[in-house]
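Undergrad: no sequence for this one, just the structure:
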C-alpha cells in the first residue's frame, strides 16, 4: 500500500467528517506503508486507538475499499507514533516507536534524564535560596553521606528542579559512571502502574533500587496514591540503607502534604530539609539579566527592574516575559528599551479585559451619570437621560459582540437604527465635546478594568 | 428533488478549512507571525494564545496542526469544548511523541483536578521529549481559574500572546476572506448588513456564512441583501 492511497483516503474523509473531529481523531493517525496490501495506522495512545476504532474504523475501511475496489486494503490500528523526525523532510524514511517495544522497558534511562544546563554555575543565588544552594552543593560533592534524603521545598517556579538537577550533574562530575535518575513523581506512578499491568513489578523494584542517586520532583503528587506510596516507601528504605542518595522536591513542607502517609512524612525529615523562598527584587533582576545573557538579549538595567518589579510570583513567569520580549524584539527589529518592553508586555502585565455584558454596561453608566437603569430603558427623551443612553449603547457596541438589534432590544426594545444613530452621535461628540470624550474614556476604563 | 439539489449543493461546495493563509490578522499580525515561527522552528516549548471567543483562536490552532501535518509531521488538535469530550486519558502517555499538540478551549477544564493533573503531566513529558504544545484559552494562564499553581507557572513559561479584538471593519474583511475561500462574492454593503443585524462574533458570522453559501448555491442566487433577507426571514 502506498502513502498516496492514505492521502487520497484523508481527502475523502475530510469531506465527510467535520473539521474539529477530523483534526482530533483522523489527521494525527500516522500511516505506515505495509507491503501486503495492508495499511497500518498508528494512534498516539490506547485511548485514541479505541476511540478511532469505535467511531471511525468502519468509515475508514469503507473509504479505502471505495478507492481500490479491485484490491481491498485492510486497516490495522496500532499504538505508536512517528518519532521526532524533522517535519520539513517528509521524504526521509520515518522512524517509529511501537508501543510493544516501549512497554517492554518502561523505565527511564539513567543520566539522560538530567538537564545538563541546570548546574550550580547557572543557578542565580540570592537571600531566598542561599541555604538550599549551599546544602545541595555539599550533597553533590558527597552523595549518600550525612544528608540523606535531601528535601527541597518551596512554591512553584522558584528553582527547586534546577537545584535538583545541579546536584545530579555535580554527582556525575565527581563520578562519571554513577547512575543518576531524575523523574517526576507522576512518571514514577505511571511506571509502577505499567509494571503492575505487565507483571513486571520485580523489574521495577530492581531498577529503582539499583541507582546511585534517585531524584524525584514534586512528590506532592503522590498524595492519595496509596499503592505508589507503599512502593516508594520500600524503595526509599532500600536506597537509604545502602547509602544511595535520594533528593526530593515538594511544593510545601513535608508535614503539610495532605494524603501522604505519616511514615513517609517522618522519613522525609530524616535527612536535610531546606526551603526556597520567592526571590526578592534584586535576585529577580539578577536572574532576568542572567537569562537574558543566555538568550543573547541585550537588556538594560532599567528594563530588568521594570519587569522584575511587576512579575513577582515565580521565575517561570519571568522567563516567559523575557521570551516574549526577545520574540517581539526579533519580530520588530527594535532594541529592548523601556518603551518597547512596556508595549511588548502589555497583554502580559495589564489586567485582563473582562467579558462585559450589556447589563453591566447599563449599571455602570447609570451609576456614573447618577441616574437609574430604569431611566436608560425608559422612553424618556430628555437630554439628561438620552445622552447617557446613547453612550451606553455605543459602549455596548464597542465592548460586546451583540448585534445591533440585540442591543436595541436590551434598551427597552429600541430599533437597531436607533443604536446605529447613537453610535454615530457619540463618535461625533467625542471629537467635539471634551466632556463626552472624558466620560467615554472613564467608562471604558471602568468597564474593562 | 429538494434533497437531491441539497446534496448536489453540498458536493459542489468548496470546503472552507482553517489555514494560516485564510486567517485575517487585523491587529494581530505579530501574534500570527510569532505563531508561524513557533510552528516552523520546531524548538521545544509552549505557545499560549488567549482572547475573547470568536477572535480566531481555534482557526489558528487548526491551521498550525494542518501545517505540521501537511509537511509530513504529526499534529493533534483537541478542543476541550468538544460536544463529546473524551476522558482525560486521551492525553495519556504516548501523546508526547506527537510533533505538535494543539489544545483548544483550555478554560473549559479549569478547576477540574483530574484534567489539570493530566495537563500538567503532559506538559512535563512534552518538555522532556522536546515536543511542542500550542494552547488556547479565553484568558491569560493565571486568569483561567486553574487550581494547580504548578500548571499555571508552566503555561506562563512559554510564549504567551493575547489576541486583540477585531473591530467591525476587520470583521467585514474576515467575512469577505472566508467567503472568497468558498468562491463567494460578498460585497461590502452585504457584509456590512450582516454585521449590523447579527451577532458580531466571528464564530456565529462564519456559521451564518456557511448556511448562506449552501442556500445561495441551491437557489443559484448571488448573495444580495434582498436574498439574504428572504433566507433569514424564512429561517425565523
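TA: All right, it came through fine. These numbers come from a predicted model, not from an experiment. Numbering: from 1, shown residues only, chains lettered A, B, ... in the order given.
Undergrad: What is the neighbour count of the nearest residue in space to residue B:45 that is not next to it in sequence?
TA: Take residue B:45 and drop its neighbours on the chain: the residue closest to it by Cβ to Cβ, 6 or more residues apart in numbering or on different chains is residue B:158, 4.7 Å away. Using the backbone N, CA and C atoms, a C-beta is placed for each residue, glycine as well. Using other Cβ atoms under 10 Å in any protein chain shown, residue B:158 has 24 other residues around it.
Undergrad: ok, residue B:158 touching residue B:44?
TA: No. The pair residue B:158 / residue B:44 is not scored as a contact, 9.5 Å apart, by Cβ atoms under 8 Å.
Undergrad: State the mean pLDDT of stretch A:182-202.
TA: The pLDDT scores in stretch A:182-202 average 89.
Undergrad: So what touches it?
TA: Residues from elsewhere that reach stretch A:182-202 (Cβ atoms under 8 Å, 6 or more residues apart in numbering or on different chains): A:103, A:106-108, A:113-114, A:164-165, A:168, A:203-204, A:215-222, A:225, A:227-228, A:231-232, B:93, B:117, B:120-121, B:124-125.
Undergrad: Break down the stretch 101-250 of chain A into its helices, ranges please.
TA: A:130-141, A:160-174, A:185-197, A:201-209, A:226-241 (DSSP state H, counting those that start in this stretch).
Undergrad: Pull out the buried residues from the fourth one.
TA: By 16 or more other Cβ atoms under 10 Å in any protein chain shown, the buried positions in helix A:201-209 come out as A:204, A:205, A:207, A:208, A:209.
Undergrad: tilt between that helix and helix A:226-241?
TA: 50 degrees (axes from the mean of the first three to the mean of the last three Cα atoms, to 10 degrees).
Undergrad: In chain B, what residue lies closest to chain A?
TA: residue B:72 (2.6 Å; Cβ to the nearest Cβ).
Undergrad: can you confirm that residue is in a strand?
TA: No. Counting by DSSP: H, G, I helix; E, B strand; the rest coil, one finds residue B:72 to be coil, located in no strand.
Undergrad: do you know how far it is from residue A:328?
TA: 30 Å (Cβ to Cβ, to the nearest Å).
Undergrad: do the same with residue B:62
TA: From residue B:62 to residue A:328 the distance is 25 Å (Cβ to Cβ).
Undergrad: what's the distance between the nearest residue to residue B:108 once chain neighbours are set aside and residue B:141?
TA: The shortest distance from residue B:108 to any non-neighbouring residue, by Cβ to Cβ, 6+ apart, is to residue B:80 (4.3 Å). Separation of residue B:80 from residue B:141 (Cβ to Cβ): 15 Å.
Undergrad: do residue A:302 as well
TA: 27 Å.
Undergrad: what sits against residue A:233?
TA: Contacts for residue A:233 (Cβ under 8 Å, 6+ apart) come out as A:261, A:263, A:264, A:267.
Undergrad: Might one say that the last one is in contact with residue A:236?
TA: Yes. Taking contact to mean Cβ under 8 Å, the distance of 6.3 Å between residue A:267 and residue A:236 places them in contact.
Undergrad: Next, show the common contact partners of these two.
TA: With Cβ under 8 Å, 6+ apart as the test, residue A:267 and residue A:236 both reach residue A:149.
Undergrad: So those two - more neighbours on which side?
TA: Regarding residue A:267 and residue A:236, a neighbour count based on other Cβ under 10 Å identifies residue A:236 as having more, with 23 against 18.
Undergrad: hmm, which helix or strand of chain B has the shakiest average pLDDT?
TA: helix B:2-12 (a mean of 49; mean pLDDT, DSSP states H and E).
Undergrad: pLDDT score for the residue nearest to residue B:45?
TA: For residue B:158, the predicted pLDDT is 94.
Undergrad: Just the ones of the contacts of stretch A:182-202 in strands?
TA: A:215, A:216, A:217 (DSSP state E).
Undergrad: Name whatever forms a beta bridge with the first one.
TA: Per DSSP bridges, residues listed as beta-bridge partners of residue A:215: residue A:182, residue A:247.
Undergrad: who's in contact with it?
TA: Here residue A:215 is in contact with A:164, A:165, A:167, A:168, A:180, A:181, A:182, A:183, A:246, A:247, A:248 (Cβ under 8 Å, 6+ apart).
Undergrad: how about the residues of the stretch 251-400 of chain A that lie near chain B?
TA: A:251, A:313-314, A:316-317, A:319-320, A:323-324, A:327-328, A:331-332, A:347-348, A:352-353, A:355 (Cβ under 8 Å from any Cβ of the partner chain).
Undergrad: run the last query once more with 6 Å
TA: Proximity of the stretch 251-400 of chain A to chain B, by Cβ under 6 Å from any Cβ of the partner chain, involves residues A:314, A:316, A:317, A:319, A:320, A:323, A:324, A:327, A:331, A:347, A:348, A:352.
Undergrad: Among those, give me the pair with the biggest separation.
TA: Largest separation among those by Cβ to Cβ: A:314 and A:331, giving 25.7 Å.
Undergrad: between these two, who's got more neighbours?
TA: residue A:314 (23 against 15).
Undergrad: My guess is that one contacts residue B:154. True?
TA: No. Proximity of residue A:314 to residue B:154 does not meet the contact threshold set by Cβ atoms under 6 Å, at 10.0 Å.
Undergrad: How many residues are close by the residue of chain B closest to chain A?
TA: 18.
Undergrad: Then residue A:329?
TA: 19.
Undergrad: Next up, the contacts around it.
TA: Applying Cβ atoms under 6 Å, 6 or more residues apart in numbering or on different chains, we find residue A:329 in contact with residue A:336.
Undergrad: Tell me if it really is in a helix.
TA: Yes. Assigned with three-state DSSP, residue A:329 falls within a helix.
Undergrad: so what's the residue nearest the centre of chain B closest to, chain neighbours aside?
TA: The centre of chain B sits closest to residue B:58, judged by Cα atoms, centre = their mean, with a distance of 1.6 Å. Nearest residue to residue B:58, sequence neighbours excluded (Cβ to Cβ, 6+ apart): residue B:104, at 5.3 Å.
Undergrad: beta partners for that neighbour?
TA: residue B:79.
Undergrad: pretty sure it contacts residue B:56?
TA: No. With contacts counted by Cβ under 6 Å, residue B:104 stays clear of residue B:56, the gap being 11.5 Å.
Undergrad: okay, now the domains of chain A?
TA: A:2-79, A:120-275, A:281-355, A:357-448 (the TED database).
Undergrad: looking at these, which is closest to residue B:109?
TA: Closest among those, once you apply Cβ to Cβ, is domain A:2-79, at 15.2 Å.
Undergrad: State the distance from the most far-flung residue of chain A relative to its centre to residue A:414.
TA: In chain A, the residue that sits farthest from the middle, by Cα atoms, centre = their mean, is residue A:382; the gap is 53.8 Å. Here the criterion is Cβ to Cβ. By it, residue A:382 lies 16 Å from residue A:414.
Undergrad: Same question for residue B:183.
TA: When residue B:183 is compared with residue A:414 (using Cβ to Cβ), they lie 38 Å apart.
Undergrad: When those two are compared, which one has more neighbours?
TA: Counted by other Cβ under 10 Å, residue B:183 and residue A:414 do not tie: residue A:414 has more neighbours, with 20 against 12.
Undergrad: so what pLDDT did that one get?
TA: 93.
Undergrad: Same check on residue B:81?
TA: Taking residue B:81 on its own, its pLDDT is 91.
Undergrad: next one: residue B:206
TA: On the pLDDT scale, residue B:206 gets 84.
Undergrad: list the contacts for residue A:394?
TA: A:422, A:423, A:426.
Undergrad: which residue sits closest to the last one, ignoring its sequence neighbours?
TA: Read it as residue A:426. Using Cβ to Cβ, 6+ apart, the closest residue to residue A:426 is residue A:394 (3.9 Å).
Undergrad: on that earlier part again, out of the contacts of residue A:215, which is nearest to residue B:33?
TA: residue A:165 (33.7 Å).
Undergrad: From residue A:301, how far out is the residue nearest to that closest one when sequence neighbours are not counted?
TA: Residue nearest to residue A:165 in three dimensions, not counting chain neighbours: residue A:118, with 3.5 Å by Cβ to Cβ, 6+ apart. Distance of residue A:118 to residue A:301, computed by Cβ to Cβ: 26 Å.
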